[in-house]
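Q: Sequence and predicted structure are below.
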2 protein chains.
Amino acid sequence: MTNSFALTTRAFSALADPTRRAVFERLADGPRAVGELARDLPVSRPAVSQHLKVLREAGLVTDRPDGARRVYQIDPQGLGQIRAWLDRFWDEALEAFKAEVERTEVEIQEDEELTPP
Amino acid sequence: MTNSFALTTRAFSALADPTRRAVFERLADGPRAVGELARDLPVSRPAVSQHLKVLREAGLVTDRPDGARRVYQIDPQGLGQIRAWLDRFWDEALEAFKAEVERTEVEIQEDEELTPP
DNA sequence: GACAGAGGTTAGCCATTGCTTACGGTAAGT
DNA sequence: ACTTACCGTAAGCAATGGCTAACCTCTGTC
């Protein structure tokens, strides 16, 4: 398989494309068929089909046959993937940022002490 | 300026690259200089410099001169951008997903009624 | 069975990207 | 002043990505 790199990479790069995010946002309202999605998007139907393939391989959507059509819907797994990565760095990054702000403020304070009126 | 597309796109595509995520994860531990980051990464220093430029334009890091060096640190704004997008679809997507699961279960239940022993 | 509608796949084109090498610029040490 | 260390930028290249047009498959209908 082409599973040589993380799902996180696939999820992020899938949502990095504006057209793909537009498709995903349409699906957040509820399940849609391919042609239905392509109808109000500025790209062709095959393009939408390719985007859906990327979204599916990223765990962001699932597909299910419905007669001659094929219905796509949101898969929470992909969003969970990103949210997990985000949460892992959310507190840590904010902590590092806040610590740095405080450190800088201390430096400024020290500078003020070194230059009294 | 080249501000023609959304910060959300820039933030997602910035974190889509594995090397760039590695840089960002290093910075989550605290501020680092460029060469310091490049030392334990499998790419050259200019490559890291270019990655940092992308991260900066995405609002994910800030830079500050420190003598001959240049120190980079996390900027919470970028992560907030992604988190905002995520939160906007988190409940909505889960809602749509759950509704679909229930709908499918009802269909199965109806099928079972149509095929009694 | 022929036909039409829906959708996945391929080939090819053009733009973007991630990388290295080479260069230029600035800051500290001597 | 000369040198050394640190860093950004430009040029060039191989690889990837997004798109369209053309093809093929499958389903439902007459």
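A: Nice, I can see it. Owing to the predicted nature of the structure, the values given are computational and were not obtained by experimental measurement.
Q: And residue A:49, what's its pLDDT?
A: For residue A:49, the model assigns a pLDDT of 98.
Q: Please enumerate residues in contact with the helix or strand harbouring residue A:48?
A: Following DSSP states H and E, one finds residue A:48 within helix A:45-57. For helix A:45-57, the external contacting residues (CB atoms under 8 Å, 6 or more residues apart in numbering or on different chains) are A:10, A:14, A:17, A:19-20, A:23-24, A:34-35, A:37-38, A:41, A:61-63, A:72, A:75, A:78. (C-beta placed from N, C-alpha, C; glycine too.)
Q: give me that answer again for 7 Å
A: For helix A:45-57, the external contacting residues (CB atoms under 7 Å, 6 or more residues apart in numbering or on different chains) are A:10, A:14, A:19-20, A:23-24, A:34-35, A:37-38, A:41, A:61-63, A:72.
Q: got the buried residues for that helix?
A: The neighbour-count check on helix A:45-57 (16 or more other CB atoms under 10 Å in any protein chain shown) flags A:48, A:51, A:52, A:54, A:55, A:56, A:57 as buried.
Q: Show me which of the contacts of helix A:45-57 are buried.
A: Buried among those by 16+ other CB under 10 Å: A:10, A:14, A:20, A:23, A:24, A:34, A:37, A:38, A:61, A:62, A:63, A:72.
Q: Return the distance of residue A:62 relative to residue A:89.
A: 28 Å (CB to CB, to the nearest Å).
Q: and if you look at residue A:21?
A: Residue A:21 is 21 Å from residue A:89, by CB to CB.
Q: Between the buried residues of helix A:45-57, which sits nearest DNA strand C?
A: residue A:52 (5.8 Å; CB to the nearest atom of the strand).
Q: show me what contacts the residue in chain A that DNA strand C sits nearest to?
A: Nearest residue of chain A to DNA strand C: residue A:35, at 2.7 Å (CB to the nearest atom of the strand). By CB under 7 Å, 6+ apart, residue A:35 lies in contact with residue A:45.
Q: Good, wrapping up.
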